[in-house]
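# Got a predicted structure here, sequence first:
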Amino acid sequence: MAVHEKYSEIIDVCRRFAAREIGAAALAYDLETDSQGVKALWTKSCEVGIPGLLIPEESGGAGQSALCCALVLNVLAAECAGMASLFADHFVACHTLIRAGGKESERCLQAMANPAIDDPAIAAVVFPSEEEEDPVRIVESEGKLLLSGRTALTGNTSLAQHYAVFVKERDGKITCILVEGGTPGVSVGEGANLPGLKVNPFAPVTFKEVEIGDRFLVTERGSGRELMESAQNLFFGFVAAIAMGTAQRAYEKAAGYARERYQFGTTIINHPEIQRMLGTMRMKLGVGRAAYMDVFDGGERDAGLTKAFCTDAALEIAVDAVQIHGGYGYMHEYGVEKIMRDCKVLQLLGGRNGSLIIESIARELR
Amino acid sequence: MDHLAAKYGLSSDAPDLVTTVPALGKLKKIRPSYIKRAESAQVTGRRFAREEILPRVLEIDKECTRDPRYFDWDLWRKANDEKLTVALIPREMGGLGYTALGATVLCEEMTSACMGITANILFNNFGLLGALVEFRTGIVLRIIRDMVKAQRRGEPLFWAWAITEPSAGTDVEDERAMATMRPSTHAEKVSGGYRINGTKCFITNGSLAHYVIATIPLDRSNPLESIATFLIPTSSEGFSVGKVERKCGQKASQTAELIFEDVYVPEENLWEPPGRGLRHTREILSTTRGFIGASALGVARGALERCIEYASKKKIGNHFLIDEDWVRYAIADMIKDIKTVRAACYNFAISVDTYHVMGLFESLPVKTALKMIPERILLSEFVQTIGGLSLVESLAGKIKNRMVSDATVERFVKEGSAVKVAGTDLAMNVSSRVLDIVGLEGMSHRYGMEKCFRDAKVTQIYEGSNQACRLDLFHQEIGSPQ
């Protein structure tokens, strides 16, 4: 694919980095997350320029496109979807700051492109949720702007230095605010302990009368809807790319195992039923890959629907990959059941697929 | 609209056996004691699940993630005090006397809380099923006596079935596959018995077992003609437990590698002679696959019931999650599937009680003996010695073989495979779909639903992979190719 070749060098570098650094740690971090280890990995990833991939060259980054980021996430996810999800959250936050512009955004972007060795600048993004009892709001008190409320489960939380927070105001308008991780009043709640993407510290974030001040409004108050939608769509595209990356690895593992495993007098890849399962995987991978790349290609493709399709397909692929591995597939050390758990969480990132599918039609009727 | 948490399934105390499968109501009129016993199994299972398993389930899952050898002995002792560990043994001999229907219902209730914990408590009863395959009266009586005595002392007596080998899963369970199998284990005839070498893997309760029932070939190059079944005490010299696996789910239930290094087994522990080992495996599978189907059905129910409770309380904007149209359709669809599979599971269990090995307990000689002879004599060494007389064993064998012929076994492998595939595919579909409904937060460990998803996957793999089950189903229903 021509569009792909443009990035082949970057992708090869990232693939080698992922195989060397992430592949070795993925299973251990799946059992027990080590935030210092994750930060060290992040710092190493700066050597190949991953955190600054999307950041413009004038801010110290690589100035690459969103498609390039998606392709990189795809190869990172082959080693660990959880690690890839950290970068996806970060990229979406970067995108938000790049699009919003302004002095504070610029300062953050520069820090993220050239992070400190011992404490890398990782960003997180918070989207408004309808599900929280105490949704995040901007309140005015004694002439000051304060941020208060509790977010839904958010990625990157305890690792993040910068939060791009989209707030839904009482009148339904959207405002985007930049919040620094260490600001008084910002606290990360108890980790969710999800079945997959274990390396990503999903948790609610509580803002308790966090002083914002004008300079941290990255959009003019109430004018952030378009930015939020573009960030959400970007996130959906990234999740789809991650899903296809990790599912591709599940397929490769299953095909490899099927070539070795002897049963019924032959290696099992010779059984048509196994061929059917592998062929179905390949079919879904081909369509899913084309679909997510199309999202970034300026096409009209619905990013939410693409995420729904790709993550559903990824789970089906992973479940069948476990099945082909038999009992071995259920054991942690083979790394296949981890892919299945990761895919299950990917399906729910950014919203329920069932809701996204309905919403794709319903919003046309409004 | 406000929803109360539905008093449904696990969240309700009331037995609902006859209301969920109405045909059982008709059967109750004809055979009241049979259905009442199953109802009592449901009450017992649900109470134990609610009061004992549910409060501990998530903590045990966490502990076992840290250490795969963690075992909650307190919980096991509570189950043992309630005789759940000897549920299938006749009441007259100290058990609960559950029929296959009763055991199925009990499995379903307990697995709806946790399938791993259930395996620790109930699957041990299958040791008895293993003995019933032979129906050598001496052995059966001895095993019953040992199990009841251990239960009364409050001591564990674990059995494990060792079939799977590192290089052979399906191959050890299927005649056509076994012809080309590459065995990892080997038994050699020596004076007075056999010497066993090799490795078995993924053995449920293997690390806890006092006895292992293993199928092992005498001739590695010809396993089909030479595979035999042995009873191997784990205290035997040369036996050791290898690694205890770190699994995706069902973590409370230990899965271990068993290593045999020159293990000597005396002649009397040969349960099935060379060439008959596969028949033994098939007879075991002919009942256990159905129980796995029912257990997986419980996993599906547990996932759905937790989801209904969560969705009834979870507010999204100005409505509850359960008020969303697509959620209602999805839940209705899952209820439909659960109802259908449940009817199939109970139908299978009733068939096992009527036409298969459990029918022996209803046969005239067994029934009369249980009714006439007091328990202390039934459990005595004297009766065991009489049971071991060759005249008695051959008579009992005749009765059993008339009831459970080779054709019966293959018919039940077929029916059991259908129920197993239906139940386990259901468990996987429902536990996954439920997470699609409850969303990211609902997927947190504390709500227990993601655990159902992790637990469910292995049910499609063990006790004969669902591919192997489908092949059995096809071959027994339509016929084998030449």
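Alright, I've got the coordinates.
# can you give me the strands for the chain?
No chain specified, so I'll use chain A. A:123-126, A:137-141, A:144-150, A:162-168, A:174-180, A:186-188, A:205-211, A:262-263, A:266-267 (DSSP state E).
# The chain in question should be chain B.
B:159-162, B:186-190, B:193-204, B:211-217, B:227-233, B:239-244, B:255-266, B:270-272, B:315-316, B:319-320.
# got a markdown table for the strands of chain A, with distance to chain B too?
All C-beta atoms are positioned from the backbone trio N, CA, C, and that covers glycine. Compiled in a markdown table, those are given as follows (distance: least, Cβ to the nearest Cβ, whole Å):
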| stretch | distance to chain B |
| --- | --- |
| strand A:123-126 | 13 |
| strand A:137-141 | 15 |
| strand A:144-150 | 12 |
| strand A:162-168 | 11 |
| strand A:174-180 | 16 |
| strand A:186-188 | 15 |
| strand A:205-211 | 13 |
| strand A:262-263 | 5 |
| strand A:266-267 | 8 |
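# what sits against A:F17?
A:44-45, A:47-48, A:50 (Cβ atoms under 8 Å, 6 or more residues apart in numbering or on different chains).
# What distance do you get for it to A:K44?
Per Cβ to Cβ, to the nearest Å, A:F17 is found 8 Å from A:K44.
# Repeat that for A:G181.
Plainly put, A:G181 is 21 Å away from A:K44 if you go by Cβ to Cβ.
# What is the neighbour count of A:A291?
A:A291 has 22 neighbouring residues, counting by other Cβ atoms under 10 Å in any protein chain shown.
# okay, it: pLDDT?
Here, the pLDDT recorded for A:A291 equals 95.
# Was I right to think it contacts A:F309?
Yes - with contact defined as Cβ atoms under 8 Å, A:A291 reaches A:F309; the gap is 6.2 Å.
# Below-threshold pLDDT in the stretch 251-400 of chain B: ranges please.
Scanning the stretch 251-400 of chain B for pLDDT under 70 picks out no residues.
# Point me to the residue of it nearest chain A.
Nearest residue of the stretch 251-400 of chain B to chain A: B:G317, at 4.2 Å (Cβ to the nearest Cβ).
# Now for that residue: which residues touch it?
A:E130.
# that older thread, the strands of chain B: which one's closest to A:A93?
A:A93 sits nearest to strand B:315-316 of all the strands of chain B, at 25.2 Å, using Cβ to Cβ.
# From the rest of the structure, what touches the closest one?
Residues outside strand B:315-316 that contact it (Cβ under 8 Å, 6+ apart): A:130-131, A:133, B:321, B:324.
# which of these are buried?
For the contacts of strand B:315-316, a burial check counting by 16 or more other Cβ atoms under 10 Å in any protein chain shown picks out A:131, B:321, B:324.
# Can you pull the phi/psi pair for the last one?
Here is the backbone geometry of B:E324 (degrees, to the nearest 10): phi -70, psi 140.
# Next: the first one.
Comment: the main-chain dihedrals of A:E131 come out as phi -100, psi 0, following degrees, to the nearest 10.
# Can you give me the pLDDT of it?
Value listed for A:E131 in the pLDDT field: 90.
# Could you count how many residues lie near the spatially closest residue to it that is not a sequence neighbour?
Distances taken as Cβ to Cβ, 6 or more residues apart in numbering or on different chains place B:I316 nearest to A:E131, at 5.3 Å, with adjacent residues excluded. Neighbour count of B:I316, defined by other Cβ under 10 Å: 18.
# between A:A291 and A:F309, what contacts are shared?
The contact sets of A:A291 and A:F309 overlap at A:A240 (Cβ under 8 Å, 6+ apart).
# What separation do you get for B:C248 and chain A?
From B:C248 across to chain A, the span is 4 Å (Cβ to the nearest Cβ, to the nearest Å).
# give me every residue that touches the nearest residue to that residue once chain neighbours are set aside.
Excluding the flanking residues, the one nearest B:C248 by Cβ to Cβ, 6+ apart is A:E337, at 3.8 Å. The contact partners of A:E337, taken as Cβ under 8 Å, 6+ apart, are A:322, A:329-331, B:247-248, B:454, B:457.
# Among those, name the buried ones.
Applying a neighbour-count criterion of 16+ other Cβ under 10 Å, the buried members of the contacts of A:E337 are A:322, A:329-331, B:247-248, B:454, B:457.
# List just the nearest of those to B:D262.
Lowest distance from B:D262 to the buried ones among the contacts of A:E337 (Cβ to Cβ) belongs to A:M331, with 27.9 Å.
# Nearest to chain A within chain B, name that residue for me.
For chain B and chain A, the shortest gap (Cβ to the nearest Cβ) falls at B:T180, measuring 3.3 Å.
# can you map out the helices along the stretch 201-350 of chain B?
All helices of the stretch 201-350 of chain B, identified by DSSP state H, counting those that start in this stretch, fall at B:223-226, B:277-313, B:325-355.
# and the last one, anywhere near chain A?
Yes - between helix B:325-355 and chain A, judged by Cβ under 8 Å from any Cβ of the partner chain, the touching residues are B:325-327, B:330.
# Next to chain B in this structure, residues from the stretch 201-350 of chain A, please.
A:202, A:262-266, A:273, A:315, A:319, A:322-323, A:326-327, A:329-333, A:337, A:340-341, A:344-345, A:347-349.
# Only whichever of these are buried, select them in ChimeraX.
Buried members of those, defined by 16+ other Cβ under 10 Å, are picked up in ChimeraX with:
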select /A:202,263,264,315,319,322,323,326,327,329,330,331,332,337,340,341,344,345,347,348,349
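# can you list the domains in chain B?
Chain B breaks down by automatic domain parsing into domains covering B:9-154+B:281-477, B:159-275.
# Include distance to A:E220 when you put these into JSON lines, please.
JSON lines is the format used below for the domains of chain B (distance: least, Cβ to Cβ, whole Å):
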{"stretch": "domain B:9-154+B:281-477", "distance to A:E220": "26"}
{"stretch": "domain B:159-275", "distance to A:E220": "49"}
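# which ones are touching B:I338?
By Cβ under 8 Å, 6+ apart, the contact list for B:I338 reads B:297, B:300-301, B:304, B:426, B:430.
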